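> Output the structure for:
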Amino acid sequence: MMKASELRSKSDAELQNELTALLKAQFSLRMQIATQQLTKNSELRKVRRDIARTRTVLHQKAQA
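Residues are numbered from 1 along each chain as shown. Here you go, the predicted model:
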């Protein structure tokens, strides 16, 4: 789990790369749920929140 302060210190390109990696992780977790291989259901929630946090920081940087 990342903190918003850590994300704010990154550049826009780094944030985009982070977002892409998180979206891939989310897709992977969804596939594991579909095939009933996921044991830690809390992982999906953590990834979803990290995605939201990253998108929020990107939006805030765009507004500034």
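
> Can you show me the strands along the protein?
Applying DSSP state E to the chain gives no strands.

> Read off the pLDDT value for residue 4.
At residue 4, the pLDDT value in this model is 85.

> quick one: it and residue 55 touch, right?
No. At 11.4 Å, residue 4 does not count as touching residue 55 under the criterion of C-beta atoms under 8 Å. In this view, the C-beta of every residue, glycine as well, is placed from N, C-alpha and C.

> Leaving out sequence neighbours, find the closest residue to the residue positioned nearest the centre of the chain.
Centroid-nearest residue in the chain, with C-alpha atoms, centre = their mean: residue 51, separated by 2.9 Å. Setting aside the residues directly before and after it, residue 51 is nearest to residue 22 in space (C-beta to C-beta, 6 or more residues apart in numbering), at 4.8 Å.

> swap in residue 41?
Excluding its sequence neighbours, the residue lying closest to residue 41 (C-beta to C-beta, 6+ apart) is residue 33, at 7.8 Å.

> and the one you found, how many residues sit next to it?
13 (other C-beta atoms under 10 Å).
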